[in-house]
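Visitor: how would this look folded up:
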Amino acid sequence: MKFGDSIKVWSYRYEFRQNSFKAQSSLIQIGNILLKRIHKSSITSPNQKNLLNSVILKINFCLLYIPDLSLE
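Guide: Numbering: from 1, shown residues only. Here you go, the predicted structure:
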């Protein structure tokens, strides 16, 4: 492997890490917004609450599959 190749690999890893962090923080922000809406009095329909709860569960499921690159 040439020196230039190792720089490319490093930059791809850095970009992947940045995108993973961005995806993780975006999903957490969306989840927090949904949780606030669930607890507001404006949502009284059980169907709406169930829908929002299922979306939050799916967000949590997605968060499990974003690699924790801080351990590298």
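Visitor: need the next SSE after the lowest-mean-pLDDT helix or strand in the chain, C-terminal direction.
Guide: Within the chain, no helix or strand scores below helix 3-39, which has a mean of 74 by mean pLDDT, DSSP states H and E. Next in sequence after helix 3-39, counting helices and strands by DSSP states H and E, comes helix 46-64.
Visitor: what's the least confident helix or strand of the chain packed up against?
Guide: Using 3 or more C-beta pairs under 8 Å, 6 or more residues apart in numbering; DSSP states H and E, the elements in contact with helix 3-39 are helix 46-64. From N, CA and C alone the C-beta is placed, and that goes for glycine too.
Visitor: got a list of contacts for the helix it packs on?
Guide: Here helix 46-64 makes contact (C-beta atoms under 8 Å, 6 or more residues apart in numbering) with Gln24, Leu27, Ile28, Ile30, Gly31, Leu34, Leu35, Arg37, Ile38, Ile43.
Visitor: So which bits of it are buried?
Guide: Judged by neighbour count (16 or more other C-beta atoms under 10 Å), helix 46-64 contains these buried residues: Leu52, Ile56, Ile59.
Visitor: Great, nothing more from me.
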